[in-house]
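> have a look; sequence and predicted model below, questions after that.
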Protein chains: 4
Amino acid sequence: MRKTVTIADDLVLGGDTFVVMAGPCAVETRDLLFTVADAVAAAGAGMLRGGAFKPRTSPQSFQGLGAQGLAMLQEASRRTGLPVVTEVLDTRDVDLVADHCAMLQIGSRNMQNFALLREVGKLRKPVLLKRGAAATLDELLFAADYVLQGGNDQVVLCERGIRGFDPATRYVLDLAAVAVLKERTSLPVIVDPSHGTGRAALVPALARAALAVGADGLLVEVHAAPEQALCDGMQALRPSEFAALMADLRRLLPVLGRRLVRTSGRGHAVAHPGSGPVSDEVIAP
Amino acid sequence: MRKTVTIADDLVLGGDTFVVMAGPCAVETRDLLFTVADAVAAAGAGMLRGGAFKPRTSPQSFQGLGAQGLAMLQEASRRTGLPVVTEVLDTRDVDLVADHCAMLQIGSRNMQNFALLREVGKLRKPVLLKRGAAATLDELLFAADYVLQGGNDQVVLCERGIRGFDPATRYVLDLAAVAVLKERTSLPVIVDPSHGTGRAALVPALARAALAVGADGLLVEVHAAPEQALCDGMQALRPSEFAALMADLRRLLPVLGRRLVRTSGRGHAVAHPGSGPVSDEVIAP
Amino acid sequence: MRKTVTIADDLVLGGDTFVVMAGPCAVETRDLLFTVADAVAAAGAGMLRGGAFKPRTSPQSFQGLGAQGLAMLQEASRRTGLPVVTEVLDTRDVDLVADHCAMLQIGSRNMQNFALLREVGKLRKPVLLKRGAAATLDELLFAADYVLQGGNDQVVLCERGIRGFDPATRYVLDLAAVAVLKERTSLPVIVDPSHGTGRAALVPALARAALAVGADGLLVEVHAAPEQALCDGMQALRPSEFAALMADLRRLLPVLGRRLVRTSGRGHAVAHPGSGPVSDEVIAP
Amino acid sequence: MRKTVTIADDLVLGGDTFVVMAGPCAVETRDLLFTVADAVAAAGAGMLRGGAFKPRTSPQSFQGLGAQGLAMLQEASRRTGLPVVTEVLDTRDVDLVADHCAMLQIGSRNMQNFALLREVGKLRKPVLLKRGAAATLDELLFAADYVLQGGNDQVVLCERGIRGFDPATRYVLDLAAVAVLKERTSLPVIVDPSHGTGRAALVPALARAALAVGADGLLVEVHAAPEQALCDGMQALRPSEFAALMADLRRLLPVLGRRLVRTSGRGHAVAHPGSGPVSDEVIAP
C-alpha cells in the first residue's frame, strides 16, 4: 500500500490525488501575496507556497521578510483556505516556522543539513524535502531517513532539477527520478518545474510531463508581476498563465487516473473559522 | 509554420502527428527481427527501428550484421509496411544504408562526426540526428546545420539522455530539451526513453512524459526476449509491454491534440507492392 | 597584496606558505587520534584535522563523538602543538566548536547553509569553507561573502571535488578551480585530494598536482588502520604513506617558491603551556 | 614494464620522458604556421601540433585548409625538425593524413567514431586518442582497444577536459584521470590544458599540475596573435608565454624524475635531410 501524507483532513498527497502548490518565490508585500494567493486559489491550487526565509546565493540579495513574512502567509492562508508550505533554514527557527504553516520545506541547498533534518524529524507535521542539485536519489532517500527516524513519517520528496552543462535551462529536470523514486519508496513525490527549468515559458510543458511521469503534485512559482519580482522572476508564471496550466492539467488528470485535490479549509494546520464545508474537488475535463 | 519531415507520402513528422519508431536495438536474426517487427506493427508503431551497424563501446561486443542486417530490415519493412530507420557509422557506408532504409540515423556518439553529417547532407532522405550525451542544444542545432547546409532539410532531432552522476539511470533524459528545441527550431523532435533511462521498467512513464512535454514521436526498443538480447537488453520492452504502452499513449494523444500516424505502405522509401491503401490512422481512445 | 589568514602567530595561510592539514576523517577513539596526530605532526603537517560532528549521508552511519570528540581534539592539539580544524554542522554548536579549535570547517554539504555561514561570520576565528559538490566558483565566493560580511575576514576556501559521471573517482577534483579562484579572490585556497578522489592510491599524485597548480595548502585524511575506519577509510593514507607524500612535497615546494609552515606551538588558538619556541620551518629538499 | 610509443627513433613517449606537443589550433597561413613552429621548436617543444581538418561545432566556422594545410605542416616539420601530430576526421582521409604526419590525432568528438578508430588501427603509426567530453575512462580504454585490436599498438591517450556545470572554465580538466589511467593501462597519457580550460591564463598552472600528476606530455595551443586566431584563440598561449611555461616545466621535471625529450630530426616519419644529429635533450634547471 502506498504511503500518504495528510496536509489537512481532506488534503492528502499520495495515492491517486494530485496537489498543486503555487505562489510567489518570496513573500514580498502583503498586497502582492494576497493577489497571488487569491489567483492560485481561484485557479485550483491545493496549497500556497511562499518563502519568508530565503536561501539566497548572495548575501546582497533580498533575504526574505522572516517572521513578518510568516505572519503574512498565515493571513493569506486564512483568507484563501489554502494550507501553506514554506521553507525553514535554521534549526533555531523550526518551531517558529512550524507554528505558521501546514508543511515545512527543506530546500535543496539544505538537503544534507542533517541538523535541520533531525529537528524537523521531531515535529509531527508534514515536511517537503527537495532534492539537492547534485544529490543522487539514494542520498535523497537517506536524507529523508533523518526525518523519518525522528518519528515524523509525513515526508514528501521533490525533484527540482540537477546541475547540468547546458545554459539553456537553469537546471536539468530529472523526471526519471520520479519513476525511480516510486520504485524505491512509498513516499509521495512532487516536481518543481519552476526551479527545474528556470524559465517561465518552459514550466507548462514540464508540468504536464511531471504529471504524465507519475508525480503526485507540483510546486509552481506564480507572481503578479514577474519582471519586478525580488527573487527568481524569470521562472514565475503570471496568474493567467497559471490558470491556463491548471486547465491543461485538468484535461490530463482523469486520463492518468488522478484527481486534483484541494482542501475544504476545515482541517488544515492553520485554522480559519468561517470556511464552508466543501468536499475534495475531483475535476473532470 | 512548423516544419514537417516526410518519411512516406502519408507518414509525416511534425505538426500534430505522433510517430512511434520501435524495434530491436540490433538486428540479430531474421526470425527475431520479424517477430518484433510484426508485433510493433500490430501495436501501432509507425516505423521500424533496428541496427545493422552497431556502435559498441567495446570492440569485443556484437558489432551488428552489417549489409546482411540491412537486407533483413528491408525484408521486414516489406513484410510489415513499416518504413525503417537505421544507423550509419561510416561515410563510406552512407549510400549502402540509404538504399535500404527510409531514414538514416546518426547516433549520439557521431553527433559531431562532421564528415558523416556532411555526407548525409548530400542525400535527399530523412535523417534522425541524436543528441550527444554531452552536447548542448546549440551544439545539436549546429550539427543539424551540417546536414541542412548540404541541402537536405529532412532532419528530425532526438533527445536520448545526457550524462549524469546518478547510477540510478543510464543517462538523464532531458525532457526540457524538447521544449527548448521547439523554441529554437522548427525541426521535429522525438525522444528515446530506452537509451534515456537504460531500464525497461522506466520506459513507459518517460514515454508518456515525452508525449506530454511536446515531442513529435518516440524511439523505443522492443525485443522478444530481452534477457537474451545481444545489445542493451536491459532497456528493451517485451512486445506485450510495448502494446500496453501504445494503449496508454492512445489515451493521452487526443487530450494533447496529437494523432498517432503510421503509413499505409504505399509511399515510403522501401516500396512493397501489394500493400493495400490505408489512410493515416487517427486514433481516439 | 594577497590576503593572508592567520591560524596562529606563526602559522599563516596565503602568500608563499604551504600548510598541510592532516588527520583522521572522524575522531573515533582517543588512542587512534593520538597515534595519527603524532604521526602527522612528525611528518610535518601544520594542522590537525578530525571530525567530531560528522555529516553522514545515512543516519545509520557513525555520526561522530560530538562534544567528547572536541575534547579529544583539543587534547591532541596540546600534545602535538598542531592547531585543530574541525567541522561544525549546527548554528547552535558554533560557540562550542569554536572553543575547541583553531579553525572551523564548513563542509561541502553546508556550503549554502546560510544560517550557519552567518553564525561563523560573527566569530573572529578562521573558517575553512569547502566548495559544494555542485557549486560554481561564483556560488562559493558568494557563500564566503556571508562570512566576510559578518566581519570575519579569516576565510580559507577549499576545492574538494565536484560531481562527475565516472565511477572511477568519487568526485572530480577540479584543480583549475584553484587557478580561477586565485584570479577572482585574494582568499587562500587549499585542496582536499582525499574527498576529491575517494581513493588513497590517487591522493599523492593529486596532492602534488594541487601544489603545482598553486594551492596554499592541503587537507589530507590519514588513518592508522584505514580498513577499520568508521568513516571514509577508502580514501585515508596510512601514516607511512603520508610521510612519503610529505617527502615528495618537500622536494617540490622550493621549485614552486613555497615554504612548508607549521606552528611553533606558541600562539595558536588552543594554548598549550610548555611547548618550546620553534621558529617556522622552511624546508629545502 | 610500462609501454612506450615511438614517434621517431629518438622521440619516445612513456617511461621517464616528457614530450610537449605545441602549435596552433588550426593551420591558417604558411607564415603564421612557420612563425609558431619556429617559436615552439626554439622553446623546447618535442612535436608540432596543428589542424588541417578541423571539427568545428558550426559549419559556418573555419573548417581548416585540408590537404593544403597538411602540406604546410609537412613543410614546417622539415623546417623545424619537429614531428607533426594532426587530426583526421574521415575514414576516407586516413591514408592522406598518415602520409603527412608522424602521429594521427583522433579528436574528442570522434572518440567513439568506431569506423575511424578501426581505420587508424590498420596503420602502423602512432595515434593520439583524446577522451570524449562525456566519456568514462573505461569507455576511453575500450575506444583504444578498437585501435589496438587492428594491430596498431602505438596509442597515446589524452585527457582534455570533461563537461562541467561551471562556466568559469570551458571544460573540467580531470587530472585524476591521469592517475587512474596509469593504474588501468600501460599506454602513455598526456594532457591538453588548452582545451581543458579554454583560457590561456589558466594553461600554465594546469600544465604544471599535469606534469606533477604524472602525465607523459602535454598538448598546448600556441598562436602568434591569439586575438586574430580563426579557431580557439582564447586558449592559445603567445610564443613568449609558451617559452615561460617551458622554463617552468624545465625546473619541475628533474624533481619529478622526468626528462624533456625532443627529436634530433633524424628518424621521424617525415624525413627532412640536412638536419644535423642532435641527441635527445635532457634538461636540467
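Done, it's in. Numbers count the residues shown, from 1 in each chain, chains lettered A, B, ... in the order given.

> and the top strand by length along chain A, how far out from the chain's middle?
When chain A is scanned for its longest strand (criterion: DSSP state E), the result is strand A:17-23. Relative to the centre of its chain, strand A:17-23 is centred 7 Å away, using C-alpha atoms, centre = their mean, to the nearest Å.

> can you pull the buried residues of the next helix or strand after that strand?
With elements assigned by DSSP states H and E, the helix or strand that comes after strand A:17-23 is helix A:30-43. Buried residues in helix A:30-43, counted by 16 or more other C-beta atoms under 10 Å in any protein chain shown: A:32-41, A:43. Every residue, glycine included, has its C-beta placed from N, CA and C.

> now those residues in CSV, with pLDDT and distance to chain B?
Shown next, in CSV, are the buried residues of helix A:30-43 (pLDDT from 0 to 100; distance: C-beta to the nearest C-beta, whole Å):
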residue, pLDDT, distance to chain B
A:32, 95, 28
A:33, 97, 29
A:34, 97, 31
A:35, 97, 28
A:36, 97, 24
A:37, 97, 28
A:38, 97, 29
A:39, 97, 24
A:40, 97, 22
A:41, 97, 25
A:43, 97, 19
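
> quick one on the thing from earlier: now the longest strand of chain A against helix A:30-43, angle please.
Inter-element angle recorded for strand A:17-23 and helix A:30-43: 160 degrees (by axes from the mean of the first three to the mean of the last three C-alpha atoms, to 10 degrees).

> who's in contact with the residue in the stretch 151-285 of chain A that chain C sits nearest to?
Proximity of the stretch 151-285 of chain A to chain C (C-beta to the nearest C-beta) peaks at residue A:163, 4.3 Å away. Counting by C-beta atoms under 8 Å, 6 or more residues apart in numbering or on different chains, residue A:163 makes contact with A:133-134, A:171-172, C:134, C:163, D:165.

> hmm, try it at 6 Å
Contacts for residue A:163 (C-beta atoms under 6 Å, 6 or more residues apart in numbering or on different chains) come out as A:133-134, C:134, D:165.

> kindly report the same for residue A:52.
For residue A:52, counting by C-beta under 6 Å, 6+ apart, the contacting residues are A:27, A:64-66, A:69-70, A:86.

> nearest to chain C, out of these: which one, please.
Among the contacts of residue A:52, and counting by C-beta to the nearest C-beta, the member closest to chain C is residue A:64, at 10.6 Å.

> quick one, what contacts that closest one?
Going by C-beta under 6 Å, 6+ apart, the list of residues near residue A:64 reads A:26, A:51-54.

> kindly provide the whole-number mean pLDDT of the helix or strand hosting residue A:244.
Secondary structure from DSSP H and E places residue A:244 in helix A:239-255. Taken as a whole, helix A:239-255 has a mean pLDDT of 98.

> and chain B, is it touching that?
Yes: under the criterion of C-beta under 6 Å from any C-beta of the partner chain, chain B is reached by helix A:239-255 at A:251-252, A:255.

> and that helix, which residues are buried?
Going by 16+ other C-beta under 10 Å, helix A:239-255 has these buried residues: A:239, A:241-243, A:245-246, A:248-249, A:251-255.

> can I get the buried residues of helix A:30-43 in CSV with distance to chain C?
What follows is those, written out as CSV (distance: C-beta to the nearest C-beta, whole Å):
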residue, distance to chain C
A:32, 23
A:33, 22
A:34, 28
A:35, 28
A:36, 25
A:37, 26
A:38, 31
A:39, 30
A:40, 27
A:41, 31
A:43, 32
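
> looking at the residues of helix A:239-255 next to chain B, which one is closest to residue C:192?
Among these, residue A:252 lies closest to residue C:192 (C-beta to C-beta), at 47.4 Å.

> and the gap between the one residue in the stretch 101-250 of chain A that gets nearest to chain C and chain B?
Distances between the stretch 101-250 of chain A and chain C by C-beta to the nearest C-beta are smallest at residue A:134, namely 3.1 Å. Separation of residue A:134 from chain B (C-beta to the nearest C-beta, to the nearest Å) stands at 7 Å.

> three-state assignment of the residue nearest the centre of chain A?
Among the residues of chain A, residue A:219 comes closest to the average C-alpha position under C-alpha atoms, centre = their mean, at 4.0 Å. Secondary structure of residue A:219, reduced to three states by DSSP: H, G, I helix; E, B strand; the rest coil: strand.

> correct me, but it touches residue A:21?
Yes: using C-beta atoms under 6 Å, residue A:219 is in contact with residue A:21, at 4.8 Å.

> tell me the residues of the stretch 101-250 of chain A that contact chain C?
The stretch 101-250 of chain A comes close to chain C at residues A:109, A:112-115, A:133-134, A:139, A:142, A:145-146, A:149, A:163, as judged by C-beta under 6 Å from any C-beta.

> farthest pair within those?
Maximum pairwise distance in those, criterion C-beta to C-beta, is 28.2 Å, between A:149 and A:163.

> pick out the most distant pair among the contacts of residue A:64.
Farthest-apart pair in those is A:26 and A:53; separation 9.4 Å (C-beta to C-beta).

> which residue ranges of the stretch 101-250 of chain A form strands?
Under the criterion DSSP state E, counting those that start in this stretch, strands of the stretch 101-250 of chain A are mapped to A:103-106, A:127-130, A:155-159, A:189-191, A:217-221.

> could you dump these to a markdown table with mean pLDDT?
A markdown table is the format used below for the strands of the stretch 101-250 of chain A (pLDDT from 0 to 100):
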| stretch | mean pLDDT |
| --- | --- |
| strand A:103-106 | 98 |
| strand A:127-130 | 98 |
| strand A:155-159 | 98 |
| strand A:189-191 | 98 |
| strand A:217-221 | 98 |
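
> redo these as a markdown table? Include distance to residue D:103.
Shown next, in a markdown table, are these (distance: least, C-beta to C-beta, whole Å):
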| stretch | distance to residue D:103 |
| --- | --- |
| strand A:103-106 | 54 |
| strand A:127-130 | 50 |
| strand A:155-159 | 47 |
| strand A:189-191 | 50 |
| strand A:217-221 | 54 |
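
> mind checking the SS state of residue A:72?
Using three-state DSSP, the secondary structure recorded for residue A:72 is helix.

> quick check: it vs residue A:237, distance?
21 Å (C-beta to C-beta, to the nearest Å).

> circling back to that earlier point, avg pLDDT for the longest strand of chain A?
Strand A:17-23 comes out at a mean pLDDT of 98.

> other SSEs contacting that strand?
strand A:47-49, strand A:217-221 (3 or more C-beta pairs under 6 Å, 6 or more residues apart in numbering or on different chains; DSSP states H and E).
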